[in-house]
Structure formats: structure tokens, C-alpha cells
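Enquirer: Let's see this in three dimensions:
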Amino acid sequence: MVLDRYIAKAVIAGCWLACFVMLSIFAFVDFISQLDSVGTGDYGALQAVVFVLLRLPQRLYELSPSVLLLGGILSLGALAVNSELIVMRASGITTLRITRSVLQIGLFIAILVALLGEYVVPFATKSAKTYRAEAMEKKLIVGGSNDLWARDGNRYVNVKQILPNHELGQIYVYELDDNRQLNSMIYAEKAQYRNDEWLLEDIKRSDITLDGVKTSFEKQVILKRLILLELFSVLELESKDMSARELLTYSRYLQTNNLDSDEFLLEFWIKIFTPLTCLAMLMIAMPIVFATTPRSGGAGQRVMLAIVIGIVYFVVNRSFNHLGLTLGIAPVLSASLPLILVVIVATYFLRRVN
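Expert: Now for the predicted structure:
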């Protein structure tokens, strides 16, 4: 319908503007924070710029609810100031119909946000951290976005999975002799750093001798050195950087081993509810827009109101999240309660709009 397309263009234009402004501010702040690391190894200003650019998808994902709130208020507020919303309502188009048109384009944007968080953010974040680590630590050789190569003397270590809590998955250890010939190879399904040493589990060891290759299997092996913790801390992904699928898989792994999984389950549900939060922010914007008239003030007031609402929601949301972890509340509840509250408030004010 013509109305749907017109409103969609307005909302998308407002969201693009809000996205550009907010990402520019946060990119500048992130670049300033990287200046302390400039000069370490080969990490210069250009490398810092590349790192900040690779981190922008994560920033956009985190800011997506605020972007939709600000974009919705800016674009639809402009329609209200120009009396276009008044003309629509005078021609018989109800506020419910206008709201439905806004939420339709909001649903499309929410799907894009979900895809961004599930596929683009984990890949870009891993690429950013490995790029930064490679520039800062000359001993580090990164073979791809999902694995790590590190050297320690005559030992070369290849790690396919870098997990939180100092855990590694699918580790290959290649040991060379003094003549730079392959001496042995160790494959471990997983490894964890405990008590100043690395515990490798489910190991297959192949020793190369003049008589051939001798293969042995062990349940556990302890190594004093595997990879430097400094490198590990640079590359380790935080729970917010993982995809929903990775979070769910890792949470189940922790539960299977009787370990605390609430932090990762909470982040999983936050990933699930973030696209819905974008829709809720548009719902919050609608009563503000319908209350806007050509005499109700400029765009500055609406922008300030959007900023205040965004800050309040961020504080309340994070407070619920951390309080839920502290009190042992089910992660799905602590992640969804702020969203439910926003929907209730938005629905209440929408019903009061004439």
C-alpha cells in the first residue's frame, strides 16, 4: 500500500540518520580508548582505525533499540510537524492503522538486527580481536577468523575454538626437534587453565621416530605452558560477542558439567529479545509522535526526550539483568521483564491517543 511504503521510507531514513550519528560518536570514543595501545608492537593509528571499524557491527547491535527509538521519533515527528499525520487521521486513517504500518517496517528491521547479532557480530568481533592481537604480539600468527596459531620455542599450537573462562577447544600441538623436524603431535578435544597449568582432555598423541609413528591415547595431560594468558585475554570472546547458537551450546556444556551457566543463558535470552526490544522502542515512539503538533516544539525537544528514554531503559534493563543474576532469578525472566514493561507502558499511552 502507498501509505505503508511512505511511512517505511520515512522510518528508514530516520533510522539511517540516527545510526550515522550514534555510530560516529561511539566510533570516536572507541578510537580514543585505543590510543593507549598505539605503539605496542605493530599496532599503530591505522590498525586502531581498522579495529574500531571491525567493532562497529557490535556497537550497532547494542545500540539498535536506541537507534530505532531515535529514528522513529525523528522521522515520524517530522511528519507530525508537517501536519502529514493530521491529514492522514483526518482522512479516516486510524492511529492503529498508522501504528501497524510503523511496526511492519519495524519488524523487517528487527529481523535484520537478529541476523546482525547472530552472524555478523561474532565474525566481525573475532576478526577485530585477532587483528589487534596479531598487530600487538609479533609471535602470534592468526590463520583465520575462528582459530589461532601461536609459537613457543619449538612448539607450535593451533587452537580451533577459544571459549570464555580460559577454555580452549580442538587443540593441536606440534613439537619440533633441534633440526626443525616434526617430533610429535598432540590433539586434545579441550583444554582449561587451572591452578597455573593447562589441563588437556581426551588426547591423541603421535610420536614420530625412525621406526615410524607411535600413537597413544590418554584421558588427561597436564602442560605447564600452552599459550600465553596475555594472548588468551586479548582473543577471548565475551558472552555478549557470541552468537545465540554458541551461547546455547556453551550453556548446555556448562550445565552438563554442573557449572554455573546463568551468565551465558542470560546473554542468550538478551540476544533473543533484542530484536523484539527494537519493536517495543517504536511502540514507545508512537505516543510521542501523535502528541507532536506544528506548535509543540522543535526536533531538539524530541531528540532529548528520546535520549532520556533510551538512557532510562538501558539503566533499568541492565539493573534487571544483574539483579536477576544476583538473586538467582531465571535468566529468561530477568531478560524479558524490561521488555514486557516497555510494551505495557507503550500500549497504555497508545490507547490514550485520540
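
Enquirer: lowest-pLDDT helix or strand in the chain?
Expert: Of all helical and strand segments in the chain, the minimum by mean pLDDT, DSSP states H and E falls on strand 140-141, at a mean of 53.

Enquirer: Could you check the helix or strand residue 162 falls within and say which residues are buried?
Expert: Applying DSSP states H and E as the criterion places residue 162 in strand 155-163. Residues 155-159, 161-163 are the ones in strand 155-163 that count as buried (16 or more other Cβ atoms under 10 Å). C-beta here means a position set from N, CA and C on the backbone, and glycine is covered the same way.

Enquirer: what's the answer for stretch 123-141, then?
Expert: Residues of stretch 123-141 classed as buried: 124-137, 140 (neighbour count, 16+ other Cβ under 10 Å).

Enquirer: From the residues you listed, pick the one nearest residue 34.
Expert: Among these, residue 132 lies closest to residue 34 (Cβ to Cβ), at 8.4 Å.

Enquirer: Would you agree that closest one is in contact with residue 53?
Expert: No. Residue 132 is beyond contact range of residue 53, at 11.9 Å (criterion: Cβ atoms under 8 Å).

Enquirer: contacting residues for the nearest residue to residue 76 once chain neighbours are set aside?
Expert: Ranked by Cβ to Cβ, 6 or more residues apart in numbering and with sequence neighbours excluded, the top spatial neighbour of residue 76 is residue 289, at 4.1 Å. By Cβ atoms under 8 Å, 6 or more residues apart in numbering, residue 289 lies in contact with 72-73, 76-77, 79-80, 85.

Enquirer: Work out for me the element residue 289 sits within.
Expert: Applying DSSP H and E, one finds residue 289 within helix 262-290.

Enquirer: centre of the chain versus that helix, how much separation?
Expert: The chain centroid and the centroid of helix 262-290 are separated by 14 Å under Cα atoms, centre = their mean, to the nearest Å.

Enquirer: Could you tell me the angle between the next helix-or-strand element following that helix and helix 262-290?
Expert: Using DSSP H and E, the helix or strand that follows helix 262-290 in sequence is helix 299-327. Helix 299-327 runs at 160 degrees relative to helix 262-290, counting by axes from the mean of the first three to the mean of the last three Cα atoms, to 10 degrees.

Enquirer: Could you name the helices and strands sitting against helix 299-327?
Expert: Here helix 299-327 touches helix 56-81, helix 262-290, helix 331-352, going by 3 or more Cβ pairs under 8 Å, 6 or more residues apart in numbering; DSSP states H and E.

Enquirer: and the angle for it with helix 331-352?
Expert: 150 degrees.

Enquirer: Could you list the buried residues of helix 299-327?
Expert: In terms of neighbour count (16+ other Cβ under 10 Å), helix 299-327 has its buried residues at 302-303, 305-306, 309-310, 313, 317, 320-321, 324-325.

Enquirer: and if you look at stretch 206-221?
Expert: Buried residues in stretch 206-221 (16+ other Cβ under 10 Å): residue 221.

Enquirer: And for stretch 52-70?
Expert: Residues 52, 54-70 are the ones in stretch 52-70 that count as buried (16+ other Cβ under 10 Å).

Enquirer: send the alpha carbons of that stretch over as PDB?
Expert: These are the backbone C-alpha positions of stretch 52-70, laid out as PDB (Å, rounded to 0.1, in the frame of the first residue of the first chain):
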ATOM      1  CA  VAL A  52      37.300   0.300  15.600                       C
ATOM      2  CA  LEU A  53      35.600  -0.300  12.200                       C
ATOM      3  CA  LEU A  54      35.500  -4.000  12.700                       C
ATOM      4  CA  ARG A  55      33.800  -3.400  16.100                       C
ATOM      5  CA  LEU A  56      31.100  -1.300  14.600                       C
ATOM      6  CA  PRO A  57      28.700  -4.200  14.000                       C
ATOM      7  CA  GLN A  58      28.800  -5.000  17.700                       C
ATOM      8  CA  ARG A  59      28.200  -1.300  18.500                       C
ATOM      9  CA  LEU A  60      25.300  -1.100  16.100                       C
ATOM     10  CA  TYR A  61      23.700  -4.300  17.500                       C
ATOM     11  CA  GLU A  62      24.000  -2.900  21.100                       C
ATOM     12  CA  LEU A  63      22.600   0.500  20.000                       C
ATOM     13  CA  SER A  64      19.800  -0.900  17.800                       C
ATOM     14  CA  PRO A  65      16.900  -0.300  20.200                       C
ATOM     15  CA  SER A  66      18.100   3.300  20.800                       C
ATOM     16  CA  VAL A  67      18.600   3.800  17.100                       C
ATOM     17  CA  LEU A  68      15.000   2.700  16.300                       C
ATOM     18  CA  LEU A  69      13.600   4.900  19.100                       C
ATOM     19  CA  LEU A  70      15.600   8.000  18.000                       C
END
